[in-house]
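# All I have is the shape, not the residue letters:
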DNA sequence: TGCTGGTATTTGGTATGCCAAATTTCGAAG
DNA sequence: CTTCGAAATTTGGCATACCAAATACCAGCA
């Protein structure tokens, strides 16, 4: 290979075993705006009122100290993610999910997490599963009593996330994280209802036992039914729209 | 309500029974660029070579007859979707999935479609299921022989999409569509291998029968195993990376 | 007082231009 | 002929300006 040719493909596959990555390169305004907006939306009580929640590009760009361009790119990403919706000449509004959509999300969650449980039974190490059990101990009813339900809900989801990570599939983790984001958004309105359906510590214990026993079918079924039960609960007890 | 107050909430809920929608409002360059780029990427033989596939903002904006701004927003969306990756001072490259990622996608697909099958058994009408069977007839082995495998693969995926739509969940449909996009991308390289694992018409027939019999557990299991079989096949017979 | 029409303002969409980082070019040195 | 490095070029990130559509405001009329 001539020198010239070598130069021309300088970074096409420079894989010579050297395990170094491109250095962090301070993240762009676009990325920072994306993170800031997502964070802001997360901490927003989306379902607290019925008024349309709308943002203003110029206001955001001012507050973040950047021009509108990177903000608009961040908004485009969040729009793709389904969190925002830019309406021409109106504003950028935070999307509210309907009850039907929320139920679909919980069903998708049930699908993904039950698959994760199945995969975990054949892939997770005993040690990793043990960590799950240790994690589970934190879901002590005593804690539930004395801590804010809001925090408990967060911890509850963390348990499910830990379970999903046992599958070793980063895709299942990513997909459910996105679903959890939306489901968590209605916690302000439905925290009490949802927790009642979700905090069945016995369910969690059974799930862990099934995974420990490497019983794929049982683990999958328990997780699926556990989450589908939440879906049915939301269907009959939660009021959105 | 005063006139002023009425004006202030003019479009919050102007629902007075008049069944007219906001007129189409010609889609923005951003949307068109997004569609055009996605279309282009779809028709691209992503795994046909090992060279990095990179795009150029200025070139694209020229060819689409728009400025770089809307193109950049479209790219940001496709980046969020995982199809592109903009690398500063390098270019916008089309993301290639590793074999491990591809397997994770097929597993997620198995999770979502098996849930769809379960839901379909309790929600789909007999008529809708019948349509599925009619659709299935197109998957005649004779056709397989005489048509291009490429087209067959597309039709095969269409069958799975039809099944998923039976669930009535547009979310499951959307999530799997996205997965199918990626899985289809490697068809050029692995079409023969993948079809061998997927074209088991008998599997499809059994699935339909299970749904017709409203046997949720069986339908779910058949769909799951059918797709997980593809995952294992890809794992052992497909060469990526 | 209440409604109407016109005007000023707001707001997202798009085009342009500049900048810094990274690459490529290319000529001089060895 | 290879190597080296500085200049020229390329390329994405960002800021700014302008536009058209839609809204908000307000004067004027009934």
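Done, it's in. As the structure is a prediction and not an experimental result, all values here were calculated from the model.
# quick one, what contacts the closest residue to residue A:83 other than its chain neighbours?
Distances taken as CB to CB, 6 or more residues apart in numbering or on different chains place residue A:41 nearest to residue A:83, at 5.6 Å, with adjacent residues excluded. For glycine as for every other residue, the C-beta is placed from the backbone atoms N, C-alpha and C. Neighbour list for residue A:41: A:78, A:83, A:84, A:94 [criterion: CB atoms under 8 Å, 6 or more residues apart in numbering or on different chains].
# ok, the third one touching residue A:92?
Yes. Applying CB atoms under 8 Å, one finds residue A:84 in contact with residue A:92, separated by 5.5 Å.
# I'd like the contacts of residue A:41 laid out as CSV, including pLDDT.
What follows is the contacts of residue A:41, written out as CSV (pLDDT from 0 to 100):
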residue, pLDDT
A:78, 95
A:83, 93
A:84, 94
A:94, 93
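# Could you list which of those residues belong to strands?
A:84, A:94 (DSSP state E).
# still on that earlier bit, any residues in contact with both of residue A:84 and residue A:92?
Joint contacts of residue A:84 and residue A:92 (CB under 8 Å, 6+ apart) are A:55, A:75.
# Which of the two has more residues huddled nearby?
Between residue A:84 and residue A:92, counted using other CB atoms under 10 Å in any protein chain shown, the more crowded position is residue A:84 (23 against 20).
# List the beta-bridge partners for that one.
Judged by DSSP bridges, the bridge partners of residue A:84 are residue A:94.
# who are the neighbours in contact with it?
Neighbours of residue A:84 in contact, by CB under 8 Å, 6+ apart: A:37, A:41, A:55, A:75, A:78, A:92, A:93, A:94, A:95.
# list the buried ones in the helix or strand where the residue nearest to residue A:83 lies?
For residue A:41, the host element (DSSP states H and E) is helix A:29-42. By neighbour count on 16 or more other CB atoms under 10 Å in any protein chain shown, the buried set for helix A:29-42 is A:29, A:30, A:32, A:33, A:34, A:36, A:37, A:38, A:41.
# which ones among those residues come in contact with DNA strand D?
Residues of the buried residues of helix A:29-42 in contact with DNA strand D (CB under 7 Å from any atom of the strand): A:29, A:30.
# Quick one: the buried residues of helix A:29-42 as CSV, columns for pLDDT and distance to residue B:241 too.
Below are these laid out as CSV (pLDDT from 0 to 100; distance: CB to CB, whole Å):
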residue, pLDDT, distance to residue B:241
A:29, 92, 34
A:30, 93, 29
A:32, 93, 32
A:33, 94, 34
A:34, 95, 29
A:36, 94, 35
A:37, 94, 35
A:38, 94, 31
A:41, 92, 36
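# wait, which of the buried residues of helix A:29-42 is closest to chain B?
When the buried residues of helix A:29-42 are compared for distance to chain B (CB to the nearest CB), residue A:30 comes out closest, at 6.9 Å.
# wouldn't the closest one be in contact with residue A:72 here?
No. With contact defined as CB under 8 Å, residue A:30 does not count as touching residue A:72 (9.1 Å).
# So which residues of chain A form strands?
Under DSSP E, chain A gives strands at A:54-55, A:84-87, A:91-94.
# Low-confidence bits of chain A, can you list those?
The model of chain A has pLDDT under 70 over residues A:1-25, A:135-153, A:187-200.
# Can you list the residue ranges for helices in chain A?
For chain A, the helices defined by DSSP state H cover A:3-8, A:29-42, A:57-64, A:68-80, A:99-123, A:126-137, A:141-146, A:149-165, A:170-185, A:187-198, A:201-212, A:216-237.
# show me what contacts the most centrally placed residue in chain A?
In chain A, the residue lying closest to the centroid (CA atoms, centre = their mean) is residue A:177, at 1.8 Å. Residue A:177 makes contact with residue A:161, according to CB under 8 Å, 6+ apart.
# ok so, going back, could you say which of the contacts of residue A:41 is surrounded by the most neighbours?
residue A:78 leads the contacts of residue A:41 on contacts (other CB under 10 Å) with 25 neighbours.
# ok, it to DNA strand C distance?
Here residue A:78 is placed at a distance of 12 Å from DNA strand C (CB to the nearest atom of the strand, to the nearest Å).
# As CSV, the helices of chain A with distance to residue B:203 would be great.
Putting the helices of chain A into CSV (distance: least, CB to CB, whole Å) gives the following:
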stretch, distance to residue B:203
helix A:3-8, 48
helix A:29-42, 41
helix A:57-64, 51
helix A:68-80, 34
helix A:99-123, 19
helix A:126-137, 32
helix A:141-146, 46
helix A:149-165, 28
helix A:170-185, 24
helix A:187-198, 35
helix A:201-212, 27
helix A:216-237, 19
